[in-house]
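A.B. asks: Coordinates for the following, if possible.
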Amino acid sequence: MTRKHYVATAATFVVLGLALTGCTAAEPAATADADSATTSTELDAATITVYTSEPQEKIDAIVAAYNEEQPNVTVEVFRAGTGDLTARIEAERTTGDVQADILLAADAPTFEGYAADDLLLAYTPADVESLNQDVVDPEGFYTGTRIIPTVIAYNTTAIDTPPTSWQDLTDSEYAGKITMPNPDVSGAAAFNAAVWMNTDELGEEWLEDLAANEPVIADSNGPVSQAVAAGTQPVGIVVDYLVRELQAAGSPIDVSYPSEGVPYVSQPVGIFASTDEEAASESFVDFLVSEAGQTLAVEQSYLPVRNDVGTPDGAPAMDDITILTPDLDLIAETKAAAVARFNELFQ
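C.D. replies: Have a look, this model is predicted:
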């Protein structure tokens with residue numbers, strides 16, 4: 001299969017940002033009226049399996065909201081880090097078919113690879129024209145479900161002057177004070193390693209300088225954010241929604257969006273070609289990117305992929321963020337080597 005790789009541009013994110021700037025925070029999903037939900041036909045009884053890296057409480061809420069629309073569909077969830085999910089998928093495909101119907105995890109290059117291997121079913125979600133087209137695969141094999149930038153987090157009681165750039169983190173004043181996620185576990189971290197390696201202002205030299213400050217490598221983004229909030233490691237490299245959640249809970253944590261730009265993942269969703277429940281799987285994809293599904297995403301502190309559902313409290317407008325938008329072909333080709341180099345430097 002020949003894939004046509006799609007590359008987002010900074011200019012198109014500015015357009016999205018202008019749209020989001022005019023939005024107010026969304027009402028809680030529980031108060032949304034029936035008109036805001038996806039209009040869909042109630043399906044017959046079916047069972048679908050979702051492989052996901054979403055936090056358990058978030059995917060539980062997603063399934064519960066979906067079942068309000070499709071009460072006859074049972075959704076079974078296997079939740080793990082992206083590294084464990086991709087290993088499981090590889091093991092299953094070598095012995096037969098993938099045992100899941102849906103994958104909700106990781107980054108676009110991961111889905112590009114699965115599409116190239118004929119593992120994914122082409123499907124264009126309902127109301128796709130309402131979505132940010134930068135996260136929609138033009139061939140229909142996957143669709144982003146939220147914008148998740150990686151940023152610098154810092155403990156406000158321990159850091160007086162926060163870092164404002166990735167380069168700042170190589171200063172000796174941060175030696176022993178930084179924590180970041182393991183790219184062998186976190187799909188976002190693996191994606192970031194490749195983006196940093198292929199960004200002219202950063203590259204391998206920056207990674208080497210960062211490693212000289214001996215960051216603590218945590219398993220995933222969750223432990224990173226918790227360590228920063230607790231002050232055990234006062235600076236962290238982490239996805240931004242976790243910082244907003246901890247701030248809302250009263251933790252002394254804040255966020256800096258580095259001046260060179262931030263990498264982001266879009267937590268795509270795709271349907272495995274081996275599914276026996278195509279209609280139910282498609283309805284689950286439809287829900288994730290519907291107005292109701294994206295209102296819930298905002299409630300869960302994510303930046304949405306459509307502009308009619310508001311933005312999370314405390315989130316910046318997208319046009320205020322410099323976004324790193326590398327070529328997906330290049331990231332896919334270099335990610336394994338970038339993760340291997342990361343492991344050599346940091347572990």
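A.B. asks: Quick check: pLDDT value at the residue lying closest to Thr157 once chain neighbours are set aside.
C.D. replies: In space, and not counting its chain neighbours, Thr157 is closest to Pro252: 4.7 Å by CB to CB, 6 or more residues apart in numbering. Bear in mind the C-beta positions are built from the backbone N, C-alpha and C, glycine included. The model reports Pro252 with a pLDDT of 98.
A.B. asks: Hmm, Pro252 is touching Ala229, no?
C.D. replies: Yes. Pro252 lies in contact with Ala229 (CB atoms under 8 Å); the separation is 7.0 Å.
A.B. asks: Tell me if Arg88 really is in a strand.
C.D. replies: No. According to DSSP: H, G, I helix; E, B strand; the rest coil, Arg88 belongs to no strand; its state is helix.
A.B. asks: neighbours of it, just the number please.
C.D. replies: By other CB atoms under 10 Å, the residues close to Arg88 number 16.
A.B. asks: That one contacts Thr49, doesn't it?
C.D. replies: No. Judged on CB under 8 Å, Arg88 makes no contact with Thr49 at a distance of 11.5 Å.
A.B. asks: For the two, list the residues in contact with both.
C.D. replies: Both Arg88 and Thr49 are contacted by Phe78, under the criterion CB atoms under 8 Å, 6 or more residues apart in numbering.
A.B. asks: For Ala158, which three-state class applies?
C.D. replies: Criterion first, three-state DSSP; result for Ala158: coil.
A.B. asks: after the lowest-mean-pLDDT helix or strand in the chain, next one along is what?
C.D. replies: The helix or strand of the chain with the poorest confidence is helix 10-21; it has a mean of 38 (mean pLDDT, DSSP states H and E). Counting by DSSP states H and E, the next helix or strand C-terminal to helix 10-21 is strand 46-52.
A.B. asks: elements contacting that following strand?
C.D. replies: helix 56-69, strand 73-79, helix 82-95, strand 102-104, helix 278-289 (3 or more CB pairs under 8 Å, 6 or more residues apart in numbering; DSSP states H and E).
A.B. asks: hmm, 7 Å instead?
C.D. replies: Contact here means 3 or more CB pairs under 7 Å, 6 or more residues apart in numbering; DSSP states H and E; on that basis strand 46-52 packs against strand 73-79, strand 102-104, helix 278-289.
A.B. asks: which parts of stretch 84-98 are buried?
C.D. replies: 85-86, 88-89, 92-93, 98 (16 or more other CB atoms under 10 Å).
A.B. asks: can you give me the offset of that stretch from its chain's centre?
C.D. replies: Remark: stretch 84-98 is offset 21 Å from the chain centroid, using CA atoms, centre = their mean, to the nearest Å.
A.B. asks: What is the burial count for Thr41?
C.D. replies: 8.
A.B. asks: tell me, how many neighbours does Leu328 end up with?
C.D. replies: Leu328: 19 neighbours (other CB under 10 Å).
A.B. asks: Cross-check the contact I'm expecting between it and Thr110.
C.D. replies: No. Counting by CB atoms under 7 Å, Leu328 does not reach Thr110; the two are 10.3 Å apart.
A.B. asks: Show the contacting residues for Gly203.
C.D. replies: Met197 (CB atoms under 7 Å, 6 or more residues apart in numbering).
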